[in-house]
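# Just a sequence and a predicted model for now, questions to come.
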Amino acid sequence: MASSLAVVILAAGAGQRMKSALPKVLHPLAGQPMLHHVLVNVAALKPERIVGVVAPGEKAVAAAFAPHRTVVQAVPRGTGDAAKAALGALKDHQGPLLVVYGDAPLVTASSMRRLVAACRRTGATVGALGFVARDPSPYGRLVVRRGMLEKIVESKDADAAEKAIDFCNSGVICLDGKHVAALLAAIRNDNAKREFYLTDAVAIARAAGHKAITVDGEETEFQGINSRAELAAAERALQLRLRTKHMKAGVTMTDPDTVWLCADTRLGRDVSIGPNVRFGPGVNVSAGVEIKAFCDIEGARIGRGAIVGPFARIRPGSIVGENVHIGNFVELKATRMGRGAKANHLAYLGDSDIGAGSNMGAGMIAVNYDGFGKYRTRVGRNAFVGSNSSLVAPVRIGAGAYVPAGSVITHDVPAGAVVFGRARQVTKRGLADELRGKLKLRAAKAKSGKKK
Amino acid sequence: MASSLAVVILAAGAGQRMKSALPKVLHPLAGQPMLHHVLVNVAALKPERIVGVVAPGEKAVAAAFAPHRTVVQAVPRGTGDAAKAALGALKDHQGPLLVVYGDAPLVTASSMRRLVAACRRTGATVGALGFVARDPSPYGRLVVRRGMLEKIVESKDADAAEKAIDFCNSGVICLDGKHVAALLAAIRNDNAKREFYLTDAVAIARAAGHKAITVDGEETEFQGINSRAELAAAERALQLRLRTKHMKAGVTMTDPDTVWLCADTRLGRDVSIGPNVRFGPGVNVSAGVEIKAFCDIEGARIGRGAIVGPFARIRPGSIVGENVHIGNFVELKATRMGRGAKANHLAYLGDSDIGAGSNMGAGMIAVNYDGFGKYRTRVGRNAFVGSNSSLVAPVRIGAGAYVPAGSVITHDVPAGAVVFGRARQVTKRGLADELRGKLKLRAAKAKSGKKK
Amino acid sequence: MASSLAVVILAAGAGQRMKSALPKVLHPLAGQPMLHHVLVNVAALKPERIVGVVAPGEKAVAAAFAPHRTVVQAVPRGTGDAAKAALGALKDHQGPLLVVYGDAPLVTASSMRRLVAACRRTGATVGALGFVARDPSPYGRLVVRRGMLEKIVESKDADAAEKAIDFCNSGVICLDGKHVAALLAAIRNDNAKREFYLTDAVAIARAAGHKAITVDGEETEFQGINSRAELAAAERALQLRLRTKHMKAGVTMTDPDTVWLCADTRLGRDVSIGPNVRFGPGVNVSAGVEIKAFCDIEGARIGRGAIVGPFARIRPGSIVGENVHIGNFVELKATRMGRGAKANHLAYLGDSDIGAGSNMGAGMIAVNYDGFGKYRTRVGRNAFVGSNSSLVAPVRIGAGAYVPAGSVITHDVPAGAVVFGRARQVTKRGLADELRGKLKLRAAKAKSGKKK
């Protein structure tokens, strides 16, 4: 069996260019904190342990690493120092140690896996993930001679020959656990910034006669995130990946550029998605579902053959059954709709269970909140709830019951009952002119009142 | 008079990369099945007949060709074989025969017309539509010598000189009806795939001393569609064409990239369209209409000077009169709004006729469905329907009638009447604290009940 | 002190390619007329006066210049003639005169300021703003020799050497006020179009021994607007500038391409904006506000920590307090929401004052319009207004009052009161089957009636 893998995730950077009260690695991408993506990608390598390096006092960052251990880098003295801070949590580790960045969420598990595998295969003490850059000028360069990585040189320290290299440093590095303590101890800070650079481990290892290698990935994986504009660019790159994946699997998107997905969004075959649909975390859509334009869906399951939208909002905890129709200006929250149930127009269904085949009329509200508690509305199968009705929870509407339009229902309704909760219509013939006269007068008075 | 034109549309491809239960040529583009666009483009050439070639058992595809005749290609043995399958339906045809593809909806009528015209003018037996490709590697090449098309060579069969050609095969070909049977009969399948390639007709015609010519079109016309990503790319190309056409004609779009049109969308001069507006099929918008952001409009006419949106949805069968206002979170379905009528906020008007100058209040619903039948609501001119009212169809509200807020109207209201359908307000002074105490207690109990 | 600056804005062009009844310079960009942007940019230079040149009869254009003076160019005879028309309004002006275009709203104040400063510093009689074009072919070229601008040559009049120049004319020109009358008088119309070109002033000045200089800006600033497509392109360029500015200042945008801003939009640090949010003019959003997807906000202030959307619409005159929640399908118009107040679902709040901590239920409507006048609804602190309730303005709901669901409130409610305005529920056991039988029969009859 191969020796086990450990991963150190550096997340102690200040991120000042974000201009934010929120730590950089907690900024959201595709509905999840940036760091979450790094953790998910790293987890795919099944490391024996993950150690996070955080800045002092960053409790929210440390919490985002849970259940993984974090260590604190007391003073920001460079990546080499940050990696050193993790050594205490790695004392007994003998296998490869992968060092990655909390603000580089686009690095794929595949690239990291190839790096670790290459280090194991070649017995290299150091391995770096590199990429060919269209414009290498901002990046450190990987200096490779006869297949061996000799050193990593910062862009500003590169000589003319090195500047001509377009093979660049991604920052992701893999170190042999048996040598890591010695390598890190040898890194010095005799440079302009007085920082310890982890990249110096390469030249140190080579000088000591160790092997150092490179593995290459795609430039798009290695966009760092230091500003809101770069955050938006990373979001775009991530969305592109997700959209492409789903289209390949048989999902139609009228305009993929206007579909926002989460990493965990699940979409069945022949799902059709109109323009402008946002998926929050935790959505599972079955095959053949049609999601029309302008929908916002989060934390919900949607069954086969359902039709959703346009202008529908489905909130967490909702389960939309097979062949259910959810129409425009309808909100579902923690609501289950049984097979074939319908809520087609301007309705709010909060904390509800709607039985199969039931019809919720336009403008109906499941009144789940009384100012203090939230309660459930339970509607049986094949019931009819008329337009503009209010079902005041907690309340049960029995199967097959019929609630006419405009009713306010505060007590349980037995199955098969008809229930009224509205006033009788009273028509006053010929009174409209008189009423209009009064209203006109009132409006004129109000107007003149304002002028005074 | 020129001899008449026949068109064969090949639509028997399997489309496996679509990963779909729906046949490829029926996937929607700009609100219509892909094949519909091909049929519309071809129809502009006024062919004497159109013949579709479909795979066995594809009834939905055959139906989409109606009223045109379809023939079945029994076994998928290449494009030459598919064309041959159509011969039975073309026995008496003497004029040019244009062969096009059901999955190439972007080929313009103009390009096809130029090809047919060039064949007629030159007396060519074969004519092919070509294009200069930025990257020719995936395409067959058109080998032209001294103005004569000598052969079409598949990319993988091309020699070095042929690979250097960037003039590529679109697939669209025009054959002389008098020679087509002989040409197709001469195509052989002595190739790696054991398929009959229609492109071989060129070399066969040349070997027999016939003329063969080329006509060139734009690369953008010839994007084939084999995957959902290519479907999305074709949608984008089609939308770009449609947007450009309408802007040229005097339509303002704040952000054209977020306006989704149908091929049949009609927009008058000085129509202004905000970001994120989707037009389904059958929309006709008169001059000077303002459509604000976030609207979804389908199957509707909108009269001069109307203001629609934001967040409005207008469904098929609706006629929005001049100077009508349709505001946010309002849905119209099969509803006519007379001149100057208004529905500005959170309303559902289904199966309704609203008279000129009438005002539909916020939250009002035209209750068109009782669980079994759908009925119309008819409101006369200059009527006022108050907020949160429900008009339970079938019902008539006479001209000038006044329905105060919160009324449920179930019986016809005569013109000029005031009608109430709501309870009288009863105020219980000082009771709110007591009520709140009870509600708080209930909430606490419900909470502790959940814990158990 | 430097001599004062005057600016002439040429806005007499016909704009026929816009195909519009609206004058070109009044077409909107980022929520304001095109000309407004030019005026704002020019105003940043603090000119002593601004003079607009308009076509005869264009009152709306002249009005858009107010309070600045306008002069009429009687006949469209070129830019030189247009500038000459302004001379009457500039008789006593001795300082630099900047000539800009009403249809070039992307020219930055910074570029114009640099041009004026360079003219002052060098004592040049003429200065032109130029740019290096990727494709110079459509533009006039700036012919510069030994640092001196010799002439501006129209593209069609350029010789081979001049055609090779990629330094192009932006149209923006700065003339010394002391010489401007003489220069303009010397311009002749002995050209194909019989027009007086302002650009000829350069060669005239040079021939008379004056200095002429250039200052360069970015090509993106100098997109002219002659068609709806160019209008859309300018909108895109302007939005890109605005989005970048806000991201730099610490605003997160999930998808910046789908956020539409106005030049006056103010967004605090750590404001987070989901996909598809449109800001109209006059919006001020405090730090830490979350605006979810699909919102439309105009003329409103939003306080710290508020959460808005998705699918919220906030209209002019609204003030959303700190920690307020505005949820889906909610419209605010001229409404103030006190700190911590909530309106989370399908509500219309028009002309309302909602006290701090109050909860507005789903489907509630502040009924502000009776067909004649508009009235305010005033709700005190910590009140509860139940779902589907209508508050018929003018009406006051006292602090702490409790309005249960489905109530229609037409009279003031004292603080602390509970108020009902709804009918009592009446349940008819077992009647649903009978009712359904009747409805089914009615539907069948209606159907057969239609068939007849």
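In hand now; what should we look at?
# how distant is the host helix or strand of A:Lys450 from the center of its chain?
According to DSSP states H and E, A:Lys450 maps onto helix A:432-451. Helix A:432-451 sits 54 Å away from the centroid of its parent chain (CA atoms, centre = their mean, to the nearest Å).
# try stretch A:104-124
With CA atoms, centre = their mean, you get 24 Å for stretch A:104-124.
# Is any residue of it near chain C?
No. Stretch A:104-124 does not reach chain C (CB under 8 Å from any CB of the partner chain); its nearest approach is 14.6 Å. For every residue, glycine as well, the C-beta is placed using N, CA and C.
# buried ones in that stretch?
A:104-107, A:111-120, A:124 (16 or more other CB atoms under 10 Å in any protein chain shown).
# from those, which ones fall inside strands?
Among those, none falls in strands (DSSP state E).
# Quick one: name the residues of the stretch 201-350 of chain A near chain C.
Residues of the stretch 201-350 of chain A lying near chain C by CB under 8 Å from any CB: A:227-229, A:231-232, A:235-236, A:239, A:257-258, A:260, A:276, A:278, A:294, A:296, A:311, A:313, A:329, A:331, A:346-348, A:350.
# Determine how far the last residue of stretch A:17-25 lies from the first.
Start to finish, the residues bounding stretch A:17-25 are 13 Å apart (CA to CA, to the nearest Å).
# should've said stretch A:83-93
14 Å.
# Let me see the mean pLDDT of that stretch.
Computed over stretch A:83-93, the mean pLDDT rounds to 93.
# Can you give me the separation between A:Ile165 and A:Asp159?
Distance, A:Ile165 to A:Asp159, by CB to CB, to the nearest Å: 10 Å.
# which of the two has more neighbours?
A:Ile165 (19 against 8; other CB atoms under 10 Å in any protein chain shown).
# The more buried one touches A:Leu142, doesn't it?
Yes. Between A:Ile165 and A:Leu142 there is a contact at 7.1 Å, judged by CB atoms under 8 Å.
# pull the CA atoms of the helix or strand harbouring A:Arg206 into CSV?
Assigned by DSSP H and E, A:Arg206 falls within helix A:200-207. C-alpha atoms of helix A:200-207 as CSV (Å, rounded to 0.1, in the frame of the first residue of the first chain):
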residue,chain,number,x,y,z
ASP,A,200,12.7,27.8,-2.2
ALA,A,201,12.2,24.2,-1.1
VAL,A,202,12.9,23.1,-4.7
ALA,A,203,16.4,24.5,-5.0
ILE,A,204,17.2,23.4,-1.5
ALA,A,205,16.1,19.8,-2.3
ARG,A,206,18.1,19.8,-5.5
ALA,A,207,21.2,21.1,-3.8
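# If you count contacts, what does it end up packed against?
If contacts are counted by 3 or more CB pairs under 8 Å, 6 or more residues apart in numbering or on different chains; DSSP states H and E, helix A:200-207 sits against strand A:126-132, strand A:148-153, helix A:180-186, strand A:212-217.
# Please repeat the previous calculation with a cut-off of 10 Å.
helix A:79-85, strand A:126-132, strand A:141-145, strand A:148-153, strand A:167-176, helix A:180-186, strand A:212-217 (3 or more CB pairs under 10 Å, 6 or more residues apart in numbering or on different chains; DSSP states H and E).
# quick one, what contacts A:Arg301?
For A:Arg301, the contact set (CB atoms under 10 Å, 6 or more residues apart in numbering or on different chains) comprises A:266, A:282-286, A:314, A:317-321, A:336.
# follow-up on the earlier one: need the overlap of contacts for A:Ile165 and A:Leu142.
A:Gly130, A:Val153.
# List the buried residues for the helix holding A:Arg206?
By 16+ other CB under 10 Å, the buried positions in helix A:200-207 come out as A:Asp200, A:Ala201, A:Val202, A:Ala203, A:Ile204, A:Ala205, A:Arg206.
# do the same with stretch A:259-271
A:Val259, A:Trp260, A:Leu261, A:Cys262, A:Ala263, A:Asp264, A:Thr265, A:Leu267, A:Gly268, A:Asp270, A:Val271.
# Just confirm yes or no for it near chain B.
Yes. Counting by CB under 10 Å from any CB of the partner chain, chain B has neighbours in stretch A:259-271: A:Val259, A:Arg269, A:Asp270.
# tell me which parts of the stretch 151-300 of chain A are close to chain B?
A:243-244, A:246-259, A:269-270, A:272, A:274-276, A:287-288, A:292-294.
# Indicate which one of the helices and strands packed on helix A:200-207 is closest to A:Leu5.
The closest approach between A:Leu5 and any of the helices and strands packed on helix A:200-207, judged by CB to CB, belongs to strand A:167-176 at 8.9 Å.
# Now pLDDT too, for the buried residues of stretch A:259-271, in TSV please.
Listed next are those as TSV, based on pLDDT from 0 to 100:
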residue	pLDDT
A:Val259	98
A:Trp260	98
A:Leu261	97
A:Cys262	94
A:Ala263	90
A:Asp264	93
A:Thr265	97
A:Leu267	98
A:Gly268	97
A:Asp270	96
A:Val271	97
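# Secondary structure and distance to C:Phe131 added to those residues, as JSON lines?
Below are these laid out as JSON lines (DSSP: H, G, I helix; E, B strand; the rest coil; distance: CB to CB, whole Å):
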{"residue": "A:Val259", "secondary structure": "strand", "distance to C:Phe131": "37"}
{"residue": "A:Trp260", "secondary structure": "strand", "distance to C:Phe131": "36"}
{"residue": "A:Leu261", "secondary structure": "coil", "distance to C:Phe131": "40"}
{"residue": "A:Cys262", "secondary structure": "coil", "distance to C:Phe131": "43"}
{"residue": "A:Ala263", "secondary structure": "coil", "distance to C:Phe131": "43"}
{"residue": "A:Asp264", "secondary structure": "coil", "distance to C:Phe131": "47"}
{"residue": "A:Thr265", "secondary structure": "coil", "distance to C:Phe131": "44"}
{"residue": "A:Leu267", "secondary structure": "strand", "distance to C:Phe131": "46"}
{"residue": "A:Gly268", "secondary structure": "coil", "distance to C:Phe131": "52"}
{"residue": "A:Asp270", "secondary structure": "coil", "distance to C:Phe131": "50"}
{"residue": "A:Val271", "secondary structure": "coil", "distance to C:Phe131": "47"}
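# A:Ala82 touches A:Gly171, doesn't it?
No. Assessed by CB atoms under 10 Å, A:Ala82 is found out of contact with A:Gly171, at 11.6 Å.
# got the phi/psi numbers for the residue in the stretch 301-450 of chain A that chain B sits nearest to?
Per CB to the nearest CB, A:Gly373 is where the stretch 301-450 of chain A lies closest to chain B, at 3.0 Å. Taking degrees, to the nearest 10, you get phi -110, psi 160 for the backbone angles of A:Gly373.
# Look up how far A:Ala393 lies from the residue nearest to it when sequence neighbours are not counted.
Once flanking residues are discounted, A:Gly373 sits nearest to B:Ala443: 3.0 Å by CB to CB, 6 or more residues apart in numbering or on different chains. Relative to A:Ala393, B:Ala443 is positioned 12 Å away (CB to CB).
# Which one's more surrounded, these two?
In this view B:Ala443 and A:Ala393 are compared by other CB under 10 Å, and A:Ala393 has more residues nearby, 23 against 17.
# Quickly note the distance from the more buried one to chain C.
As judged by CB to the nearest CB, to the nearest Å, A:Ala393 and chain C stand 10 Å apart.
# Would you check that that residue makes contact with A:Tyr348?
No. Applying CB under 10 Å as the test, A:Ala393 and A:Tyr348 come out as separate, 11.6 Å apart.
# Touching both of the two, which residues are there?
With CB under 10 Å, 6+ apart as the test, A:Ala393 and A:Tyr348 both reach A:Ala366, A:Val367, A:Asn368.
# Please name the bridge partners of the second one.
Right, A:Val367. A:Val392 (DSSP bridges).
# got the contact list for A:Ala446?
A:Ala446 sits next to C:Phe372, C:Gly373, C:Lys374, C:Tyr375, C:Arg376, C:Pro394 when contact means CB under 10 Å, 6+ apart.
# run the last query once more with 7 Å
For A:Ala446, the contact set (CB atoms under 7 Å, 6 or more residues apart in numbering or on different chains) comprises C:Gly373, C:Tyr375.
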